[in-house]
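Visitor: Predicted coordinates and the sequence they were generated for:
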Amino acid sequence: MWTHENIANMKTQLRRLGMSYDWDRELATCDPSYYRWEQLVFIRMFERGLAYKQRSRVNWCPSCQTVLANEQVENGRCWRCDSEVVPKEIEGWFFKITHYAEELLAWCDRLPGWPERVLTMQRNWIGKSEGAEFDLPVAGLTDLAVTIFTTRPDTAFGMTYAVLAPEHPLVDTLAMDEQERARIAAFRQEVGRESEIERTAADRPKRGIRLNARAVNPFTGEEIPLFIADYVLMGYGSGAIMAVPGEDQRDWDFAKQHGLRIIATVKRPDGWQETQAYLGDGVKINSGFLDGSTVEGAKRTAIDWLVSKGIGRSKVNYRLRDWGISRQRYWGAPIPILYCETCGMVPEREENLPVVLPQDVQISGKGDSPLAEVATFVNARCPKCGGRARRDTDTMDTFVESAWYFIRYCSPRYEQGMFDRSAAEYWMPVDQYIGGIEHAVLHLLYARFFTKVLRDLGMIKLDEPFAALLSQGMVIKDGAKMSKSKGNVVDPDDMIRRFGADATRLFTLFAAPPERDLEWTESGVEGASRFLNRLWRFVQAHGDEIRAAGRAPGDLSDAARAFRRVIHHAIARVTVDVERDFHFNTAISAVMEMVNALHEFERDSLDRVAAAERAGLVREAVETALLLLGPVCPHMTEELWQALGHGESLFRQAWPAADAAALVREQVTVVVQVDGKVRSRLTVDVSAPEQAVREQALAEDKIRPWIDGREVAKVVVVPGRLVNIVTRS
RNA sequence: GCCGGGGUGGCGGAACUGGCAGACGCGAAGGUCUCAAAAACCUUUGAGCGCAAGCUCGUGCGGGUUCGACCCCCGCCCCCGGCACCA
């Protein structure tokens, strides 16, 4: 209900602003007829292991009472409500987006229509790092080893200790007695107490405790101490590291605190002070068989050695984590999985889809899904054996719904499947997608992932959903992003009431190019309104003249020809700006220039231009202005268009084409510079030969004093632009 | 720290492929109309100097390339965004 009311309000507002959407393709993602296909895809993904359930530590928003995906946490806070996120151990569903990490990354180089900053954000988020993984045997325990990941296998000879994440499962095995177990438990508690925000605060002293067990550095055969420390995270790599304090700043800090040995394995540059780790390039030293090679070479040699010994391999790690999609909310598509007492976890049968979100749900706020309270929903029959079964009570992240709606748009009423394949393959990919930058690693990443999943399920031949992306800026008012919580929102209805939809639209497009933030100022809207009023009044005042006017004659006076050039220049400019760059701001300014010139022409031409010529040009200018401005200010332009006696709508007219002949100039102004400084201007025929222009420039009265007594070393002539006279004293 | 984007008048922003920096709009100042105000219209509006013609300076800072640099190159500074004890 609430959702449908919101949709209705939003539609009213969009209509009021005169937005032309194809409402025939409208769809609601909360409609079971939409999300049933999502449930079907979920089942397909489940069958292929792309959707799986796992108990793990997740991000929990205590205010929304739900799990959040990593992408939905910003600086330790919920993207939606800004509350501090806490860790919580919970069972939930995940989509295996990590399976596509490499492809998602690789395609970042094949999306030339996307802004660089969005691609950068996605690359950062995926966070590929290449290195090696290998085992450190635990001293005295032949069958036990700690697997570590490093990007610097070349520094292995400098490994003077190793560190496991506090939560690392091996830690329990390594603990030797009750006393040590107690120390570990105490340390874990200390670390676990901290919030995400505290834990990620920069420059925090590294804490850790030493284990009784020791490991062996396989490169040197030496025994080294083992630690657990808070600076090693279970969620990345293998949750354990080799520590090389000589070449890693974190290890250096920790080693200094605990009095551990530091070995340099790369030759330092001259004058290097041993006050920090050395991260640069250089020749390997103190590194056995790696000595003498470069860092890059040593990395390869070290990996080859690990492989030959059978204890390690090269390894690529990604920062990207699987997409946690379970939500404990009362919206989003239900997860179509049942738990049968005899068959276990079973997906719903396809013919039983959709699993519909029940109505009349009580919100308990207990941290459980509200659906768990609805007996008629929870209790069901096993699709396999018909016995008693329980439904999964989580719903899918609503980002799943938005991850494919654009494909549904291609055939919104299609009932035989998620989409009509031929329609989808005809329309997709989206030629030009538009969205806010805040979705750089949310929606835009999920949509790319989901598209690839659909492709691999054999449903569509499509690698990427969006060929080109325009990421618009935010609306800024009084120095802050416009938002309800900041209380600085502008009510569109209020703007429309006071200035009209056209002026509101005109200002919005005029104030800045779309990819930049838009600074909202009321005086700017007033300015837009002023411009439109001026045009309105002009057309009212000249209506009769325009309606009576014929076409302007072919042979025009100079003044008329100059003005006609402005008209056609505007057409050319607007066409290019809009079609190529979406730079409506410069397009609009070109129309404003043209309209300004129109006022001037009307004022100054009375005694200089013949009446027929004048009326013809005024008509051409006004009609062109209306056509060019039509998409921006549809209401007023259509009304004026009709007022000028046109029976057919403005929006049924062809887009104007610039008359190449009108753009031609017979004469141009050429700047004359002496040593790069503008000293004079010349008006010359466009066809004037270079030599003549040069001579004319040199002969100029204003130029002579600047070159008298100096030797002219060189004269640069740029046809139609400038003459630069270079002198030597 | 790494990666990306930026830095141009009082403000939002223009400047096409290296060729007149500041288009267009806002704001401001002065004027016309008016008893007055609003609206509208006209003029001025990068800084400095000058009666003027005009001159000098000027696109974050310092260098460089070039006849010529907001634009290209090198070295910095600052702002915004992303990532970050990620091994």
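Guide: Received, thanks.
Visitor: What residue spans form the domains of chain A?
Guide: The record's domain split for chain A, according to automatic domain parsing, is A:30-96+A:322-401, A:99-125+A:404-472, A:129-317, A:500-663, A:667-728.
Visitor: do the first one and RNA strand B meet?
Guide: Yes: contact between domain A:30-96+A:322-401 and RNA strand B, assessed by Cβ under 7 Å from any atom of the strand, occurs at A:74-75. From N, CA and C alone the C-beta is placed, and that goes for glycine too.
Visitor: try the longest one
Guide: Yes: figure legend: domain A:129-317 in contact with RNA strand B (Cβ under 7 Å from any atom of the strand); contacting residues A:129, A:131, A:149-152, A:165, A:199-200, A:202, A:204-207, A:230-239, A:241-242, A:248, A:250, A:253, A:317.
Visitor: What's the end-to-end length of that domain?
Guide: Terminal residues of domain A:129-317 lie 5 Å apart, using Cα to Cα, to the nearest Å.
Visitor: And for stretch A:152-159?
Guide: First-to-last residue span, stretch A:152-159, Cα to Cα: 11 Å.
Visitor: chain center to that stretch: distance?
Guide: 37 Å (Cα atoms, centre = their mean, to the nearest Å).
Visitor: Repeat that for stretch A:654-665.
Guide: 38 Å.
Visitor: Need the contact partners of that stretch.
Guide: By Cβ atoms under 8 Å, 6 or more residues apart in numbering, the residues outside stretch A:654-665 that reach it are A:561, A:564-565, A:567-569, A:571-572, A:575, A:624, A:627-628, A:686.
Visitor: The longest helix seen in chain A near RNA strand B anywhere?
Guide: The residue-count maximum for a helix in chain A (DSSP state H) belongs to helix A:522-548. Yes: residues of helix A:522-548 contacting RNA strand B under Cβ under 7 Å from any atom of the strand: A:523-524, A:526-528, A:530-531, A:533-534.
Visitor: Which among the residues you listed count as buried?
Guide: Those of the residues of helix A:522-548 next to RNA strand B that meet the buried threshold are A:524, A:527-528, A:531, by 16 or more other Cβ atoms under 10 Å.
Visitor: So which of these is the closest to A:Gly332?
Guide: Taking Cβ to Cβ as the measure, A:Gly332 sits nearest to A:Gly524 out of those, at 39.7 Å.
Visitor: Excluding chain neighbours, give the residue nearest to that closest one in space.
Guide: A:Phe507 (5.0 Å; Cβ to Cβ, 6 or more residues apart in numbering).
Visitor: Equivalent analysis for A:Trp427, please.
Guide: A:Trp427's closest residue in space is A:Cys410 (Cβ to Cβ, 6+ apart), at 4.3 Å.
Visitor: Distance of the one you found relative to RNA strand B?
Guide: 31 Å (Cβ to the nearest atom of the strand, to the nearest Å).
Visitor: circling back: can you verify the residue nearest to A:Gly524 is assigned to a helix?
Guide: Yes: under DSSP: H, G, I helix; E, B strand; the rest coil, A:Phe507 falls within a helix.
Visitor: That one and RNA strand B, how far apart?
Guide: From A:Phe507 to RNA strand B the distance is 8 Å (Cβ to the nearest atom of the strand).
Visitor: surely that residue meets A:Ala528?
Guide: Yes: taking contacts as Cβ atoms under 8 Å, A:Phe507 lies within contact range of A:Ala528: 4.0 Å.
Visitor: on that earlier part again, could the contacts of stretch A:654-665 go into JSON lines alongside secondary structure, pLDDT and neighbour count?
Guide: Converted to JSON lines, those look like this (DSSP: H, G, I helix; E, B strand; the rest coil; pLDDT from 0 to 100; neighbours: other Cβ atoms under 10 Å):
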{"residue": "A:Arg561", "secondary structure": "helix", "pLDDT": "89", "neighbour count": "17"}
{"residue": "A:Arg564", "secondary structure": "helix", "pLDDT": "93", "neighbour count": "22"}
{"residue": "A:Arg565", "secondary structure": "helix", "pLDDT": "92", "neighbour count": "17"}
{"residue": "A:Ile567", "secondary structure": "helix", "pLDDT": "95", "neighbour count": "25"}
{"residue": "A:His568", "secondary structure": "helix", "pLDDT": "95", "neighbour count": "21"}
{"residue": "A:His569", "secondary structure": "helix", "pLDDT": "94", "neighbour count": "17"}
{"residue": "A:Ile571", "secondary structure": "helix", "pLDDT": "96", "neighbour count": "22"}
{"residue": "A:Ala572", "secondary structure": "helix", "pLDDT": "94", "neighbour count": "17"}
{"residue": "A:Thr575", "secondary structure": "helix", "pLDDT": "94", "neighbour count": "17"}
{"residue": "A:Thr624", "secondary structure": "helix", "pLDDT": "96", "neighbour count": "21"}
{"residue": "A:Leu627", "secondary structure": "helix", "pLDDT": "97", "neighbour count": "20"}
{"residue": "A:Leu628", "secondary structure": "helix", "pLDDT": "96", "neighbour count": "25"}
{"residue": "A:Val686", "secondary structure": "coil", "pLDDT": "84", "neighbour count": "12"}
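Visitor: any weak-confidence spans in the stretch 351-500 of chain A?
Guide: Applying pLDDT under 70 to the stretch 351-500 of chain A flags the ranges A:362-367, A:479, A:485-486.
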